[in-house]
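> Dropping the sequence and predicted coords here.
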Amino acid sequence: MDLSTLGTETRNDRTAELDRMPVSELLSVMNAEDQTVALAVRDALPDIGSAVEAITDSLRRGGRLIYLGAGTSGRIGLLDAVECPPTFGTSPEQVVGLLSGGPGAFVVAVEGAEDEPARAIADLDEIGVGDRDTVVGLAASGRTPYVIGGLKHAAAKGAVTVSVACNRDAVVSRYADIPIEVPTGPEILTGSTRLKGGTAEKMVCNMLSTASMVRLGKVYGNLMVDVRATNNKLVDRAQRMVAQATGADLDTAARALHAAGGHAKTAIVMLLTGTTAEEAARRIEQAHGDTRTAAGQA
C-alpha cells in the first residue's frame, strides 16, 4: 500500500508553515484541528454503539474486552484497560490491553514490533482468546500488521472482532465484524498520529468501556458505584456518592459505607432498601451487579 495516500499521512495545508508560527498561532491552529476530532467520532457513533453491544454481551457471558494495538494505539488501549478495575471494580482479567512488544513497550518504543502479525497471535494465545471475547484492534493508520494478524486470529477462535482506524476504507476494517472508522485527516505534524489520531482513539475507547460498564449496571445514575475506594480522595468520593444516590446525610452515608466494607454500591442498596450489608450484597449478586434491580427500581 502507498502510505502517502492515507489521510493520516498527507500534509496539512493549514500547518505548512508550522515552524514559523508564533506559539499563540501554533496553539490556536492545533486547537482548531483538535475540534474536528469530536465531529469525526460523532459520525461513527452507530458503529461504536454496535461495538458496545458486543462488548457488553461478552462481559455478561464471562468473556473479556481485549484491546490490541501497537505504538500509540496500543498504549491507548492499555491505558483504558488498566483504568477499568479502579473505576468500575472489574477484575484485571476482564478488560485486557495487549501492546505489541509487550508491556515494556509502553515506556520504551518497540516500533518494529508492529510489523509482526505473529506477535499478535502469540499474545492472544497466551491469554487464551476464545468465543466469549470481543477483541478491539486499534490502528490509527488502519493497516498495522500486528493488528491485522490479531483480528484474523481472534476471528478464527470465534471472538467478535472490532477495528478502530482513523482513515476511510482501512485495511483493518476488512478483518472486523464491526469496523469503526474515524477519518481524522492530516495531522498538524505530518504523520504524527499520536495527535488527532490518538485523540480519536482515546475518545472511542472511553466510549466503548464506559458505555459497556453502564449497560452492565456498574453505574447508578451517573455515579461510579463500583469504584474502589483505595485512598482518602476516593473514600470521600464514595461517601458523597452514597449520599447523592440515597438522599442520606454524609454521616449516615459514611456509616453505611463502613458497614459495606467500603463498597459504595452495597451501601447504596442498603440505604435504599433498609437492609443489612449482607442482604444488600445478596440482592446485588442476584441482580448480576445491576444497582437499580438490586434496589427494586428496575
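Yep, that arrived. Numbering: from 1, shown residues only.

> Show me where the stretch 151-298 of the chain has its strands.
Applying DSSP state E, counting those that start in this stretch to the stretch 151-298 of the chain gives strands spanning 160-165, 178-181.

> partners of the first one in the sheet?
Each strand that pairs with strand 160-165, with its direction, by DSSP bridges: strand 134-139 (parallel), strand 178-181 (parallel).

> pLDDT of that strand, averaged?
Mean per-residue pLDDT for strand 160-165: 98.

> residues in contact with that strand?
If you take Cβ atoms under 8 Å, 6 or more residues apart in numbering as the criterion, strand 160-165 is touched by 51, 54-55, 57-58, 73, 133-142, 147, 151, 154-155, 170, 172-173, 175-182, 201, 204-205, 208. Every residue, glycine included, has its C-beta placed from N, CA and C.

> follow-up on the earlier one: quick check: which of the strands paired with strand 160-165 has the most neighbours on average?
Neighbour counts (mean count of other Cβ atoms under 10 Å) averaged over each of the strands paired with strand 160-165 peak at strand 134-139, with a mean of 31.

> centre of the chain versus it, how much separation?
10 Å (Cα atoms, centre = their mean, to the nearest Å).

> Centre-most residue in this structure?
Nearest to the mean C-alpha position of the chain, counting by Cα atoms, centre = their mean, stands Cys205 at 3.2 Å.

> and that residue, what pLDDT?
The per-residue pLDDT reported for Cys205 equals 98.

> Let me see the contact set for it.
Contact partners of Cys205, counting by Cβ under 8 Å, 6+ apart, are Tyr67, Ile76, Gly77, Leu79, Asp80, Val136, Leu138, Val164.

> got it, and Ile121?
Counting by Cβ under 8 Å, 6+ apart, Ile121 makes contact with Gly149, Gly150, His153.

> Could you measure from Glu187 over to Val37?
From Glu187 across to Val37, the span is 11 Å (Cβ to Cβ, to the nearest Å).

> intersection of neighbour lists for these two?
In contact with both Glu187 and Val37: Lys196, using Cβ under 8 Å, 6+ apart.

> Look at these two and report which has more neighbours.
Per other Cβ atoms under 10 Å, whichever of Glu187 and Val37 has more neighbours is Glu187, with 25 against 22.

> Next one: that one from Gly128, what distance?
Glu187 sits 37 Å away from Gly128, taking Cβ to Cβ as the criterion.

> ok, now Ala267?
Per Cβ to Cβ, Ala267 is found 36 Å from Gly128.

> what about Asp125, neighbour count?
11.

> Next, give phi and psi for it.
With angles defined as degrees, to the nearest 10, Asp125 sits at phi -70, psi -30.

> how about the helices in the stretch 101-250 of the chain?
Taking DSSP state H, counting those that start in this stretch, the helices of the stretch 101-250 of the chain run over residues 117-126, 145-156, 196-215, 232-246, 250-259.

> Let me know whether Ala294 touches Ala281 as I believe.
No - with contact defined as Cβ atoms under 8 Å, Ala294 and Ala281 do not form a contacting pair (9.1 Å).

> Just send the strands paired with strand 160-165 back as CSV, with mean pLDDT and distance to Gly89 too.
Listed next are the strands paired with strand 160-165 as CSV, based on pLDDT from 0 to 100; distance: least, Cβ to Cβ, whole Å:
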stretch, mean pLDDT, distance to Gly89
strand 134-139, 98, 19
strand 178-181, 98, 26
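
> Now do stretch 169-186: distance from first to last residue.
Stretch 169-186 stretches 16 Å from its first residue to its last (Cα to Cα, to the nearest Å).

> Flag every buried residue along that stretch.
170-173, 175-186 (16 or more other Cβ atoms under 10 Å).

> for stretch 291-298, same thing?
For stretch 291-298, burial by neighbour count (16+ other Cβ under 10 Å) applies to Thr291, Thr293, Ala294, Ala295.

> Rounded mean pLDDT for that stretch, please.
The pLDDT scores in stretch 291-298 average 88.

> centre of the chain versus it, how much separation?
Remark: stretch 291-298 is offset 26 Å from the chain centroid, using Cα atoms, centre = their mean.

> swap in stretch 232-247?
Distance, centroid of stretch 232-247 to centroid of chain: 24 Å (Cα atoms, centre = their mean).

> Which residues does it contact?
With contacts defined as Cβ under 8 Å, 6+ apart, stretch 232-247 is touched by 220-221, 223-225, 227-229, 248-250, 252-254, 256-257, 262, 264, 267-268, 271-272.

> Tell me where the model's unsure across the stretch 51-200 of the chain.
Where the stretch 51-200 of the chain drops to pLDDT under 70, the residues are 104-115.

> Right, I'll leave it there.
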